[in-house]
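> Sequence first, predicted coordinates after that:
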Amino acid sequence: MSQNNTSHPAGDDGKLIDGLVDELVGCLNPDDRLQHINQAFLPKRDRVIEGIELLRQVVFPGFFDEQRVTPDNARDHIRDLLTSIHTVFYDQILQGLCYERNVTRDQAEHEGDDGCTCKARELTGKFLKTIPELRRRLTLDVKAAFDGDPAAVSTDEAIFSYPGIDAIFIQRTAHELYRLRVPLIPRIMTEVAHSETGIDIHPGAIIGNSFFIDHGTGVVVGETTTIGNNVKIYQGVTLGALSTKGGQDWRGMKRHPTIQDNVTIYPNATILGGETVIGEGCVVNGGAFLTHSVEPGHTVRIDHPQLELRAQRKNRKTKNPTNNN
Amino acid sequence: MSQNNTSHPAGDDGKLIDGLVDELVGCLNPDDRLQHINQAFLPKRDRVIEGIELLRQVVFPGFFDEQRVTPDNARDHIRDLLTSIHTVFYDQILQGLCYERNVTRDQAEHEGDDGCTCKARELTGKFLKTIPELRRRLTLDVKAAFDGDPAAVSTDEAIFSYPGIDAIFIQRTAHELYRLRVPLIPRIMTEVAHSETGIDIHPGAIIGNSFFIDHGTGVVVGETTTIGNNVKIYQGVTLGALSTKGGQDWRGMKRHPTIQDNVTIYPNATILGGETVIGEGCVVNGGAFLTHSVEPGHTVRIDHPQLELRAQRKNRKTKNPTNNN
Amino acid sequence: MSQNNTSHPAGDDGKLIDGLVDELVGCLNPDDRLQHINQAFLPKRDRVIEGIELLRQVVFPGFFDEQRVTPDNARDHIRDLLTSIHTVFYDQILQGLCYERNVTRDQAEHEGDDGCTCKARELTGKFLKTIPELRRRLTLDVKAAFDGDPAAVSTDEAIFSYPGIDAIFIQRTAHELYRLRVPLIPRIMTEVAHSETGIDIHPGAIIGNSFFIDHGTGVVVGETTTIGNNVKIYQGVTLGALSTKGGQDWRGMKRHPTIQDNVTIYPNATILGGETVIGEGCVVNGGAFLTHSVEPGHTVRIDHPQLELRAQRKNRKTKNPTNNN
């Protein structure tokens, strides 16, 4: 970004820009929801991404590190990573807290023990302490990915290249920050995962052990979803909210389904509603649309979709009728 | 990219590469559609991405800037950004125009007032003048995103992390360049959005105020689609063209649907055809497949998809029947 | 990544980090599947991405290069690119082979003619020799994209901005490495494409000439899929495996469908099973769910999905009933 080095154009272009500056500055009033002029604190997406990358290295040591990790340097390496993680997340959590409380820089620096800096240190500490347990749970997720996919050659391949592993790694991490009520950061994290993988899991979702998402593009898992152990879902599955009434009235209520242990949900199935429970061991087939509960141990499938088979006219002029979007 | 610093391998590898160079250079003839050897002008995707990032900072000041924006520096900051935007877009529009007219560098430098440089300046000016109106319309989009999503905590969260906001920001910008008939750049812009968000809106689509796309992965909106005010669509919705005849014959015709005001379209619904009109206030439920018009004020749903519920054998050997792709 | 420059915090934060270091180092045993401590060789995703970018420049010269390519410098330019491609892929193939055989650095350096370095040179040579044929096939893919899409203005636009072109370019390249039985690298390559485009084609899939994927988000093509010539598929199409039994038992078997020449498959159709053959010239309409073969020349469509049309109550309180995820 070189905007500070460019010389301002003279003549008509300069006048055009001057006029636009006046117009744009003129609309920067406090009611303008698109601006953060004079905002002392604000999380930064780039720093959050850096934090995710550091966490990935400490959770999967040796896989994504630039340097080779050996038994001799492992301890120092992990200490360095944890120190950096502490620095990045302390800073972003502080930004988030001060942003939420709308404090000035002066207030932040001179406040007492119950202020943002103190709270940020406390939350950062609590967050870091969840890392070992996070690792244990990701071991189970990686095992589930390998066991469940005949195309997988090794657990390494899953860690290296499975978007489902990346998405659940980021969501489980963001979920800890969500539980600590850190503002903005958890959602920024899961949207980084969404952008990279096409898998959109809200940081609020509660997800059991050994969760596997295959392929994953288009998966949506809503904020108040609960998922048991050994659940497997495919690309395009939505665990969403029922259509009832509008928007913000519904905030904080249980709006998304409960999926019990050992359930498999095939591609593009849609399951909606906070009272919908898919019982233990159920299989939901591709394309199903469910807004009610299913008792444990059942298979749900679309009852033979009526497919019409029609021979094509032999003498049609165009070879490939098309449906172009 | 360090290709100029690598030393050419000797021996067999060198011979292999020499042979491949001959073969590849040999096929670089004018009929070869994969090459742009000696192309004097050609837009660059990286520069277009830089332009999008600068626009994002001027439209949402303070959100994505590296430096803190204060009332004292806001005017200079916005002027710097606009100057950089002018530089980047003038250059890329010029590349696009000269590319389209296939002019040489000599021609471009010595041409008269009706040449590419003159036209590029005119179009860049017209484009910049649309920025204030673009901001006004994005304010409405951000408000629609917040109002329509109970998981949204603030409009800031929507700006920071909602892919739907990013996609509509880029499409509305690209649409202005599309209207000015700038070649290549608009489509490159919306494909940058597509890659980042999974939302594919053609720059040609005409979209009303307060448009909200939730989650968004897999959304496709075709070139001649018209969308009214207060429309809300979910992940996987296609507004596409009917299958009738092939390819390029259809260029320029109205091939995609019209969606009137206050319509909501739920996940994975597919609406096709240039004569298809979804009337004011309609609700189209998830998974619907529509190729005809719907009168205003109606709800369209799949009439109770026949779901077969089957208890699973208790003594099956494998716990999780799988459908692995 | 600045973890080596950060100073370790003193006091409570330092103690917290020390405790976590002990806990995390303590679980780095050989059984821990999430670590690669002391792994001498391991492919690097960043280097694989660099390799893809170099290949893109040699396959589409002039489109993505930082410098202008002219007849005068074309030969040197292509030679430089090929030399860099050789360097990057030799290195990554060597990493992959040594990783697979689990050799130490000493073993790798002192081994004989049948060792990893020798094999890596052989495979790199074989891979590079496929580039001219790869170019020829991509010419046909680009032509198919242009011919099949009325929104396409030129083949250049397809090369610049169509995710389908990028995905098939990467898959065809990865497929050659898959055929040479290079470990890990092919799958890392197609997952790079998946992340960028939302199109997930396994490197094992065998794909004929003139293949076109329109829009593409959510497309999944499984490992043992076979696709003929002139096939066109849209966003959300899955060519996947049938649900029968679990996971790794199915590795290596034909699990995914066969699509014959001149078939068109519309958005969100799902076709499953290794014995499923879609015959020459078939058209499969949007949303179809197929687990059995179709004779050549037929159209498959969902037989008029029963759509229920219901007028909305005029006096409902909320204007837009919502289905929020």
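Great, that's in hand.
> going forward, measure contacts between C-alpha atoms and count neighbours the same way
Fine.
> ranges for the helices of the stretch 151-300 of chain A?
Secondary structure of the stretch 151-300 of chain A (DSSP state H, counting those that start in this stretch): helices at A:155-161, A:163-179, A:185-197.
> Compute the number of surrounding residues for residue A:71.
Around residue A:71 there are 12 other residues, counting by other CA atoms under 10 Å in any protein chain shown.
> Now it. Its backbone dihedrals?
phi -60, psi -30 (degrees, to the nearest 10).
> re earlier: adding mean neighbour count, mean pLDDT and distance to residue B:47, write the helices of the stretch 151-300 of chain A out as a markdown table.
Shown next, in a markdown table, are the helices of the stretch 151-300 of chain A (neighbours: other CA atoms under 10 Å in any protein chain shown; pLDDT from 0 to 100; distance: least, CA to CA, whole Å):
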| stretch | mean neighbour count | mean pLDDT | distance to residue B:47 |
| --- | --- | --- | --- |
| helix A:155-161 | 20 | 87 | 29 |
| helix A:163-179 | 23 | 97 | 28 |
| helix A:185-197 | 26 | 96 | 21 |
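> Turn the ones you listed into a markdown table, including distance to chain C.
Output for the helices of the stretch 151-300 of chain A, formatted as a markdown table (distance: least, CA to the nearest CA, whole Å):
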| stretch | distance to chain C |
| --- | --- |
| helix A:155-161 | 5 |
| helix A:163-179 | 8 |
| helix A:185-197 | 5 |
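> correct me, but residue A:265 touches residue A:288?
No: judged on CA atoms under 8 Å, residue A:265 makes no contact with residue A:288 at a distance of 9.2 Å.
> Between the two, tell me which one has more neighbours.
Comparing residue A:265 with residue A:288 by other CA under 10 Å, the one with more neighbours is residue A:265, at 28 against 24.
> Bridged to that one, which residues?
Counting by DSSP bridges, residue A:265 forms beta bridges with residue A:233, residue A:284.
> residue contacts, residue A:278?
By CA atoms under 8 Å, 6 or more residues apart in numbering or on different chains, residue A:278 lies in contact with A:257, A:258, A:259, A:260, A:263, A:293, A:294, A:295, A:296.
> Could you rerun that using 6 Å?
Applying CA atoms under 6 Å, 6 or more residues apart in numbering or on different chains, we find residue A:278 in contact with A:259, A:293, A:294.
> The longest helix that chain A contains close to chain C?
Ranked by number of residues, the top helix in chain A under DSSP state H is helix A:74-101. Yes: counting by CA under 6 Å from any CA of the partner chain, contacts between helix A:74-101 and chain C involve A:79, A:80, A:81, A:84.
> list the helices and strands that helix packs on?
Packed against helix A:74-101 by the contact rule (3 or more CA pairs under 6 Å, 6 or more residues apart in numbering or on different chains; DSSP states H and E) you find helix A:116-129.
> so where is the stretch 51-200 of chain A shaky, pLDDT-wise?
Across the stretch 51-200 of chain A, residues meeting the criterion (pLDDT under 70) sit at A:111-114.
> make it 90
A:61-74, A:98-118, A:146-158, A:160-161 (pLDDT under 90).
> got the residues of it near chain B?
Residues of the stretch 51-200 of chain A lying near chain B (CA under 6 Å from any CA): A:188, A:191, A:195.
> rewinding a little: just checking, which helix or strand succeeds the longest helix of chain A along the chain?
helix A:105-110 (DSSP states H and E).
> how much distance is there from that next one to the middle of the chain?
How far helix A:105-110 lies from its chain's middle: 32 Å, per CA atoms, centre = their mean, to the nearest Å.
> buried ones in that helix?
Across helix A:105-110, burial judged by 16 or more other CA atoms under 10 Å in any protein chain shown covers residue A:108.
> Any chance of the residues of the stretch 51-200 of chain A next to chain B in TSV with distance to residue A:39 as columns?
Output for these, formatted as TSV (distance: CA to CA, whole Å):
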residue	distance to residue A:39
A:188	18
A:191	23
A:195	27
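> Can you list the low-confidence ranges for the stretch 201-325 of chain A?
Ranges of the stretch 201-325 of chain A meeting pLDDT under 90: A:241-253, A:268-269, A:285-291, A:300-325.
> picking up where we left off before, what's the offset of the longest helix of chain A from the middle of its chain?
Counting by CA atoms, centre = their mean, helix A:74-101 is centred 19 Å from the centre of its parent chain.
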